[in-house]
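Participant: The sequence and its predicted three-dimensional model are supplied below.
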Amino acid sequence: MPIKPDRLTRVNEILKREIADVLEKNGINESNFIVSVTKVILSTNLRSAVVFISILGGKDPEENYRKVLPRLMKLRPLVQSNIARHVTLKYTPVIRFEHDLNIVEGDHVLALLQELERDEENKGNNGSGRE
């Protein structure tokens with residue numbers, strides 16, 4: 001029997017908080033970047049979940065993710081056992097970590113917009129000096 005969408009949303013949020021708590025307690029963050037759980041998508045049959053991870057800071061988010069992924073995989077059994085203990089579900093979902101690039105892409109778009117604004121201001125300043 002499939003789970004109702006509003007309940008699924010609530011369970012996703014509970015899993016997100018529980019996973020973030022385990023990662024924080026086990027020192028997944030480093031001095032030059034922070035690992036953040038941005039979203040959890042639980043399957044409708046409750047047997048698997050995709051955990052989206054965003055890495056804030058550092059020079060290269062992809063390189064940081066490659067560095068953090070083995071640590072995440074090592075913590076996966078601990079995360080799943082904590083879910084089993086603290087979240088009452090029929091099944092404990094098998095989790096899989098994915099890199100969430102939405103924040104990185106959003107920062108890139110904002111940087112491009114700021115650059116366009118600076119270019120427009122420079123054109124406006126140069127144009128007014130001729131008259």
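Facilitator: Looks like it arrived, so ask away. Residues are numbered from 1 along each chain as shown.
Participant: Phi, psi for A111 please.
Facilitator: phi -60, psi -40 (degrees, to the nearest 10).
Participant: what's the domain layout of the chain?
Facilitator: The record's domain split for the chain, according to automatic domain parsing, is 5-100, 102-131.
Participant: I'd like the average pLDDT over the longest one.
Facilitator: The reference is to domain 5-100. The average pLDDT within domain 5-100 is 88.
Participant: Straight-line length of that domain, end to end?
Facilitator: Taking CA to CA, to the nearest Å, domain 5-100 runs 22 Å from one end to the other.
Participant: Stretch 39-59 too?
Facilitator: 23 Å.
Participant: now the domains of the chain in JSON lines, with mean neighbour count?
Facilitator: Where C-beta positions appear, they are placed from N, C-alpha and C, glycine not excepted. Output for those, formatted as JSON lines (neighbours: other CB atoms under 10 Å):
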{"stretch": "domain 5-100", "mean neighbour count": "15"}
{"stretch": "domain 102-131", "mean neighbour count": "10"}
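Participant: which stretches of this protein form strands?
Facilitator: Listed in chain order, the strands of the chain (DSSP state E) span 33-42, 48-57, 94-99.
Participant: how far does the first one sit from the chain's center?
Facilitator: What it means is strand 33-42. Averaged C-alpha coordinates place strand 33-42 at 3 Å from its chain's average position (CA atoms, centre = their mean, to the nearest Å).
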